[in-house]
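Asks: Predicted model and sequence follow; I will ask about them next.
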Amino acid sequence: MSFQAPKSPDSIYEPEFVEGLFNEMSLTYERMNTITSFGFSNRWRRQCVHELDIQPGQVVVDLMTGMGETWDYICGRMGPNGTLIGVDFSNGMLRYADLKRQRKRFATYNISIQKQNVLAGTLPAHSADHVVVSFGLKTFNNEQIQQLAQEIHRILKPGGQFSCIEVSVPRPTLLRMLYMFYLRRVIPVLGALFLGNPETYRMLGIYSQQFKNTQQASQLFQQAGLNCWPTSYFFGCASGVVGHKP
């Protein structure tokens, strides 16, 4: 389906809208992420995964897995005896994730792909050693983030760890002004060049401005019974929530 402009400010968080947005962007998303972040998106994903003490043979759930952009960093640590479960609801993204799974370098790893809303609650309880969420938090409102925190708490084993990362609005005034101009003005132009529709990538700037950073998310994760703390990367241009289930 083609991307449709949001009907109201609140509708940008409706699953159907978010799914349509990422289906539309799936053809260029990974390349655009790398170009527009000057390669920092890959570095931040690696840092997000490296917050976790992943051991060979463990089970890692990658929520909102997208095209499997974190898989390189996860698979190298869980090894061929581990299990990686990638969950997403965008057919467009998962189509590319499945192609990635078929590549030679992933052939020796046990990777499962599941198409579903990450809030659906269908993953087995107490089944994951680690949960990763990379660049998906901003598409949730506070109520949905609270649901996500509860779902992470449910699927983690006792003592299991989680790590989330998200593009954020930096606090220094000048950097914040430049960063938001880049997100809201420059990236849509690049999106038009790659995709022909600047509105899709303009939405990423809107989500980022609304989300701000992971401070609020960290509080919601704590309310869900998780021990956690916020993290910051590159002067606050990205932030995260890292912790574990007691």
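Replies: That came in fine, so what should we check first? All values reported here derive from a predicted model rather than from experimental measurement. Residues are numbered from 1 along each chain as shown.
Asks: contacting residues around the closest residue to Ser127 other than its chain neighbours?
Replies: Excluding its sequence neighbours, the residue lying closest to Ser127 (C-beta to C-beta, 6 or more residues apart in numbering) is Ile155, at 5.8 Å. Heads up, the C-betas are built off the backbone N, CA and C, glycines and all. By C-beta atoms under 8 Å, 6 or more residues apart in numbering, the contact set of Ile155 is 61, 123-128, 131.
Asks: Buried subset of the residues you listed as a PyMOL selection?
Replies: Remark: buried members of the contacts of Ile155, expressed as a PyMOL selection using 16 or more other C-beta atoms under 10 Å:
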select buried, resi 61+123+128+131
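Asks: closest to Cys48 among the contacts of Ile155?
Replies: For the contacts of Ile155, the closest approach to Cys48 (C-beta to C-beta) belongs to Val131, at 11.1 Å.
Asks: Other residues contacting the host helix or strand of that closest one?
Replies: Per DSSP states H and E, Val131 falls inside strand 128-134. The contact list for strand 128-134, computed with C-beta under 8 Å, 6+ apart, reads 44-45, 48-49, 52, 54-55, 58-64, 66, 69-70, 74, 85, 148, 152, 155-157, 160-165.
Asks: That strand: partners in the sheet, and parallel or antiparallel?
Replies: Using DSSP bridges, the strands paired with strand 128-134 are strand 59-63 (parallel), strand 156-167 (parallel).
Asks: Following element in sequence after the lowest-mean-pLDDT helix or strand in the chain, please.
Replies: Taking mean pLDDT, DSSP states H and E as the measure, helix 29-36 is the helix or strand of the chain with the lowest mean score, a mean of 66. Downstream of helix 29-36, the first helix or strand assigned by DSSP H and E is helix 40-50.
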